[in-house]
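>>> sequence and predicted structure below; questions after.
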Amino acid sequence: MDEAATASTYTGTTVVSGGTLQLTTQNNNIASGQNVTVTGGTFNINGRSPTYGTLTVTGGTVSGSGTISATAYTINPGSGGTATISSIITNNGNAAVVTKSGNGLGVVTNTSNSFTGGVLLTGGIYAPGSVEALGSTGSGNSGLIKFQGGAIRHWSATQSDTNALYDRYVIPLNSYSWKIDTYTHNINYQSGDNFGNAGGHTVGFVKLGSGILEFDEAESYSGLTKIEGGTLLLGANNMLPSGGVTVSSCLTTACYTSGSLTAAKLDLDEYDDTVGAVILTHGSIAVSYTHLTLPTIYSV
């Protein structure tokens with residue numbers, strides 16, 4: 001349905017749960033500053049430039065040319081679900097933060113996004129379509145990605161895109177982990193792109209996605225290395241920190257929203273490493289010099 005061509009005066013939250021809600025000729029078809037929630041269907045801004053409070057997307061799509069200004073953006077799809085914003089998003093009087101929560105997949109694609117509060121990952125997987133989709137860079141948190149329980153997904157395998165994405169990372173704090181989803185791509189972070197700790201914090205590393213992630217320099221995080229999908233490949237001796245290693249394919253749609261589950265593998269190639277306890281519950285460990293892959297083991 002189309003919103004009326006005149007300004008609306010109701011003050012509650014607008015909820016789109018199915019079908020299509022499309023703005024017409026007015027930026028204030030939905031009153032300026034009001035909250036909008038999309039749980040399904042499509043919210044099409046149709047070339048307008050509306051101004052809202054919080055835009056929350058738990059399912060469905062926000063689309064259409066034009067620019068949305070909001071005080072905050074929350075992308076909160078449930079396990080197995082996808083929520084997408086393809087319109088341009090920017091600030092509404094403050095440095096708007098995009099928070100990715102929920103166990104599903106959040107997709108933000110527009111290369112002209114200009115929000116300046118950065119991206120906060122608290123759950124599930126966040127899939128930007130490009131580095132520009134992560135918002136403007138500058139002072140404070142502009143353009144930065146903070147890991148607090150969620151994962152970032154690579155959109156391509158090119159070295160330039162990999163470097164550009166790494167440059168947006170903020171080292172996790174407390175007991176949070178680096179969570180990297182290679183998707184279907186084979187990713188190799190360059191020398192100097194180290195996954196480390198902040199002082200006084202124990203940070204782990206989680207590998208997701210069906211592609212290969214190669215470690216070509218000694219990583220300095222101190223927590224657990226966990227491979228939940230695809231392959232973590234060592235490119236030299238002693239690439240892993242001295243903490244424990246767990247190879248355990250993620251068997252839920254919290255990790256793979258498409259429903260296609262991917263076996264996890266640690267591939268030592270021809271290299272040696274010294275780590276803490278190694279736990280293999282669902283996946284494999286491969287060493288090329290003996291061409292041996294341990295059989296899949298299921299924990300009880």
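All right, it came through fine. What you see is a predicted model, and the numbers here were worked out from it, not measured in a lab. Numbers count the residues shown, from 1 in each chain.
>>> just the helices in this protein please.
159-166 (DSSP state H).
>>> start and end of stretch 139-151, how far apart?
24 Å (CA to CA, to the nearest Å).
>>> cool, stretch 223-238 as well?
OK, stretch 223-238 end separation, CA to CA: 15 Å.
>>> now it: average pLDDT?
Here stretch 223-238 scores 95 as its mean pLDDT.
>>> what about the closest residue to residue 67 other than its chain neighbours, how many residues nearby?
Spatial nearest neighbour of residue 67, excluding adjacent residues (CB to CB, 6 or more residues apart in numbering): residue 88 at 4.3 Å. Just so you know, the C-beta spots here come from the backbone N, C-alpha and C atoms, and that holds for glycine as well. Residues contacting residue 88 under the criterion other CB atoms under 10 Å number 20.
>>> give the contact list for residue 88.
Counting by CB atoms under 8 Å, 6 or more residues apart in numbering, residue 88 touches 66, 67, 68, 110, 112, 113, 114.
>>> could those residues go into CSV alongside neighbour count and distance to residue 239?
As requested, the contacts of residue 88 are arranged in CSV below (neighbours: other CB atoms under 10 Å; distance: CB to CB, whole Å):
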residue, neighbour count, distance to residue 239
66, 16, 47
67, 19, 44
68, 26, 43
110, 21, 36
112, 12, 38
113, 26, 34
114, 16, 38
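>>> coming back round to it: so what's the residue nearest to residue 67 scoring on pLDDT?
pLDDT for residue 88: 98.
>>> got it, and residue 259?
At residue 259, pLDDT is 52.
>>> and residue 295, by the same measure?
So residue 295 comes in at 44 (pLDDT).
>>> touching, residue 264 and residue 281? I think so.
No: with contact defined as CB atoms under 8 Å, residue 264 and residue 281 do not form a contacting pair (9.2 Å).
>>> show me whatever sits in contact with both of those two.
By CB under 8 Å, 6+ apart, the residues touching both residue 264 and residue 281 are 247, 248.
>>> which residues are in contact with stretch 162-171?
Applying CB under 8 Å, 6+ apart, the contact partners of stretch 162-171 are 131, 134, 143-147, 152, 154, 178, 187-190, 193, 196-198, 203.
>>> buried only: go through these for me.
Using 16 or more other CB atoms under 10 Å as the burial test, those include 131, 134, 143-147, 152, 154, 178, 187-189, 193, 197, 203 as buried.
>>> farthest-separated two in the residues you listed?
131 and 197 (24.7 Å; CB to CB).
>>> for the residue nearest to residue 67, give its distance to residue 47.
As for residue 88, its distance to residue 47 is 11 Å (criterion: CB to CB, to the nearest Å).
>>> okay, and the common contacts of those two?
Going by CB under 8 Å, 6+ apart, residues that sit against residue 88 and also against residue 47 are residue 66.
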